[in-house]
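Asks: Return a 3D structure for these sequence lines:
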Amino acid sequence: MRIIGLVAEYNPFHNGHLYQINEIKKIYQDSIIIAVLATSFTQRGEISVLNKWDKTKIALDNGIDIVLELPFVYAVQSSDVFAKGAISILEKLKIDTLVFGTESLSIEKIKQAATFQLNNKEYDKRLKEYLNKGISYPTAANKAIEDLIGVRIDSPNDLLALSYIKQIMLSNKKIEIKNIPRTNNYHSTKIKGNIASATAIRKRFLNGKKIDKLIPYSEKYLYKVAMNNYFPYLKYKILLEDKMIRKYQTVDEGIENRILKNIEFAENYTDLIMKVKTKRYTYNKISRMLLHILIGLTKESVRQLDIDYLRILGFSKKGQEYLNKIKKQITIPIITSYKKNISKILDIELVATKIYSLETDSNLIKREYEKRPIITRYK
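Replies: This is a model prediction of the structure:
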């Protein structure tokens, strides 16, 4: 039996995700599929239009066997940190295969780039040269790789794949890597039949257009919410704390001055990002940074943290049987709801849920304490 690992955001879960799951089942007919899920907020600093419990139920109904939470402290970070958290969780669940979507048909060049980044000092030198020119880290890294080995990796899922592969190499675990090429571009707003990117679906949904043919469940589960809803809370916090915002994660190199200069005049969350971003500080980096400020994620709070618990959100009958089989091999606590004095990471997760609930559903806070794993009859 194969133990398959997936890293997902499902913002929202759509027919492309269902296609990926079905492809996995075709390739690995006897398998357990385990998904590590970013919940309230996502890697690019966006809010999820599905809450974690609805995401879990939908994932289980569509073929996932076990769903675990990727904590906020990893979920809303650069691709390397995001991958570190996700792969660490999956390794503890004893996966032997990692499957992910890519824009590329083949991942051989991505593997080549990962090996080069980890093992070549010339890469480090070239990367530093580009960073000194004031460009962003992702752009500098891609330019360095392209210069030295002629491989260009600049599409979103390929960049994440690069981070996943590097993390597996660093862990020295025997995990097979399998990619399933996407049927469309991550940022594409075009719709082909019943397949569209999450970006396109969110845009249509928030603009009041029908998306029922693009998702395998009812639209009623989705929140009509965006980060702009949270701008008043963010603005209040920044104005209140002023220069003290430099204590928050990723607020570095004096960027707080640009934030403070523009916070009074920005019309909304998006407008603030556009006013603050630079060649070095990309839209996504600023988006994550502002979310760190909003949630209160300080540099001190994440220093030397590591995955120290596993939170199970749901499982199928087959998933439950697998968990019972391996639980004695897992050396960190397995939890199903919030508990005090378990982990600093879990405490931060609770805060993230509380902030998320301000513009979605206040009952989500209560569910953090009381919710037990969602169990599906899917086998």
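
Asks: Quick check: which ranges of the protein have low pLDDT?
Replies: 183-190, 192, 377-379 (pLDDT under 70).

Asks: end-to-end on stretch 235-246?
Replies: Counting by CA to CA, to the nearest Å, you get 15 Å between the two ends of stretch 235-246.

Asks: That stretch: how far from the chain's middle?
Replies: Averaging C-alpha positions (CA atoms, centre = their mean, to the nearest Å) puts stretch 235-246 26 Å from its chain's average.

Asks: List the buried residues of it.
Replies: Of the residues in stretch 235-246, those with enough neighbours to count as buried (16 or more other CB atoms under 10 Å) are K235, K237, I238, E241, I245, R246. Any C-beta I mention is one placed from the backbone N, CA and C, and that applies to glycine too.

Asks: Relative to E108, which of those residues is nearest.
Replies: The closest of those to E108 turns out to be R246 (CB to CB; 42.5 Å).

Asks: Quickly note the distance from the closest one to R258.
Replies: As defined by CB to CB, to the nearest Å, R246 lies at a distance of 12 Å from R258.

Asks: picking that back up, what about the buried residues of stretch 235-246, which are in helices?
Replies: Using DSSP state H, K235, K237, I238, E241 are the members of the buried residues of stretch 235-246 that sit in helices.

Asks: From V251, how far off is the third one?
Replies: Distance, I238 to V251, using CB to CB: 10 Å.

Asks: what's the overlap in contacts for the two?
Replies: I245, I259, I293 (CB atoms under 8 Å, 6 or more residues apart in numbering).

Asks: got those residues as a markdown table, with distance to L313 columns?
Replies: Below are those laid out as a markdown table (distance: CB to CB, whole Å):
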| residue | distance to L313 |
| --- | --- |
| I245 | 32 |
| I259 | 34 |
| I293 | 27 |
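
Asks: ok, of those residues, which one's closest to N51?
Replies: Closest to N51 out of these is I293 (22.4 Å), distances taken as CB to CB.

Asks: List the contacts of the closest one.
Replies: L234, K237, I238, I245, Y248, V251.

Asks: quick one: it from K261, how far?
Replies: 15 Å.

Asks: what does T115 give?
Replies: Distance, T115 to K261, by CB to CB: 43 Å.

Asks: Likewise for K52?
Replies: Computed with CB to CB, the distance linking K52 and K261 is 36 Å.

Asks: so how many other residues sit close to I332?
Replies: In terms of burial, I332 registers 14 neighbours under the definition other CB atoms under 10 Å.

Asks: actually N229, sorry about that
Replies: What N229 shows, counting by other CB under 10 Å, is a neighbour count of 16.

Asks: Leaving out chain neighbours, which residue sits closest to it?
Replies: Residue nearest to N229 in three dimensions, not counting chain neighbours: E359, with 4.3 Å by CB to CB, 6 or more residues apart in numbering.

Asks: Quick one: neighbours of the residue nearest to E300 when sequence neighbours are not counted, just the number.
Replies: Across the structure, with CB to CB, 6+ apart as the measure, the residue nearest E300 apart from its sequence neighbours is K247 (7.2 Å). K247 has 16 neighbouring residues, counting by other CB under 10 Å.

Asks: my guess is K247 contacts L297, does it?
Replies: No: assessed by CB atoms under 8 Å, K247 is found out of contact with L297, at 9.9 Å.

Asks: Quick one: distance of stretch 39-55 to the chain centre.
Replies: Its chain's average C-alpha position is 9 Å from that of stretch 39-55, according to CA atoms, centre = their mean.

Asks: pretty sure L70 contacts K84?
Replies: No: taking contacts as CB under 8 Å, L70 lies outside contact range of K84: 10.7 Å.

Asks: From the neighbour counts alone, determine which of the two ranks first.
Replies: It is L70, of L70 and K84, that has more neighbours when counted by other CB under 10 Å, with 27 against 21.

Asks: G296: how many residues sit nearby?
Replies: For G296, the neighbour count with other CB under 10 Å is 16.

Asks: so which helix or strand takes in the residue lying closest to it once chain neighbours are set aside?
Replies: Nearest in space to G296, with sequence neighbours left out and distances taken as CB to CB, 6+ apart, is V351 at 6.3 Å. Using DSSP states H and E, V351 maps to helix 344-357.

Asks: Same check on Q167?
Replies: Counting by DSSP H and E, Q167 is part of helix 156-171.

Asks: State the three-state secondary structure for the closest residue to L93 other than its chain neighbours.
Replies: Nearest-residue entry for L93: I34, 5.3 Å, with adjacent residues in sequence omitted and distances by CB to CB, 6+ apart. The assignment at I34 comes out as strand when based on DSSP: H, G, I helix; E, B strand; the rest coil.

Asks: contacting residues around I34?
Replies: If you count contacts by CB under 8 Å, 6+ apart, then I34 has 3-6, 64-68, 90, 93, 95, 319 around it.
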